[in-house]
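Engineer: Return atomic coordinates for the entry below.
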Amino acid sequence: MKITAYAVCLSIIALPTLASASDRPGRDWIQKPELKQQMQAAGYSAIVVGADDGHWEGEAVKDGRIVEFHADARTGKITKSEPKTEE
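Structural biologist: Numbering: from 1, shown residues only. Model (predicted):
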């Protein structure tokens, strides 16, 4: 429960940063709601996502851990998912 609450707080802080990125989703990209739905079906929660360098990128909770992920812009398939490291 603490991790989920942390992720929600993180999303409030990170969302403006992701939203202000110079990258924008293309017309042929999967939409955020559909991407989030696919991710939730795969066990992700508290999903924060934005466009970056031609793909979707963000943070979420998976198996009780905060992870950083990349998703294919067109299919929504997760191409990278690794535990977030403290910086």
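Engineer: So, low pLDDT: which residues of this protein?
Structural biologist: Under the criterion pLDDT under 70, the flagged ranges of the chain are 1-22, 87.
Engineer: quick one: the strands in this structure?
Structural biologist: Secondary structure of the chain (DSSP state E): strands located at 44-52, 55-62, 65-71, 78-83.
Engineer: report the angle between the axes of the second one and strand 65-71?
Structural biologist: Note on geometry: by axes from the mean of the first three to the mean of the last three C-alpha atoms, to 10 degrees, strand 55-62 and strand 65-71 are set 160 degrees apart in direction.
Engineer: go on, the longest one?
Structural biologist: For strand 44-52 against strand 65-71, the angle between stretch directions is 40 degrees (the same axes, to 10 degrees).
Engineer: Just give me how far strand 44-52 sits from the chain centre.
Structural biologist: On the basis of C-alpha atoms, centre = their mean, to the nearest Å, strand 44-52 sits 2 Å off its chain's mean C-alpha point.
Engineer: helices or strands up against it?
Structural biologist: helix 2-19, helix 32-41, strand 55-62, strand 65-71 (3 or more C-beta pairs under 8 Å, 6 or more residues apart in numbering; DSSP states H and E). In this view, the C-beta of every residue, glycine as well, is placed from N, C-alpha and C.
Engineer: Each with direction, which strands does that strand pair with?
Structural biologist: Here strand 44-52 is paired, per DSSP bridges, with strand 55-62 (antiparallel).
Engineer: How far does the strand it pairs with sit from its chain's centre?
Structural biologist: Chain-centre distance of strand 55-62: 2 Å, with C-alpha atoms, centre = their mean.
Engineer: Wait, Glu34 touches Ala73, no?
Structural biologist: No: applying C-beta atoms under 8 Å, one finds Glu34 not in contact with Ala73, separated by 11.9 Å.
Engineer: between the two, who's got more neighbours?
Structural biologist: Counted by other C-beta atoms under 10 Å, Glu34 and Ala73 do not tie: Ala73 has more neighbours, with 21 against 11.
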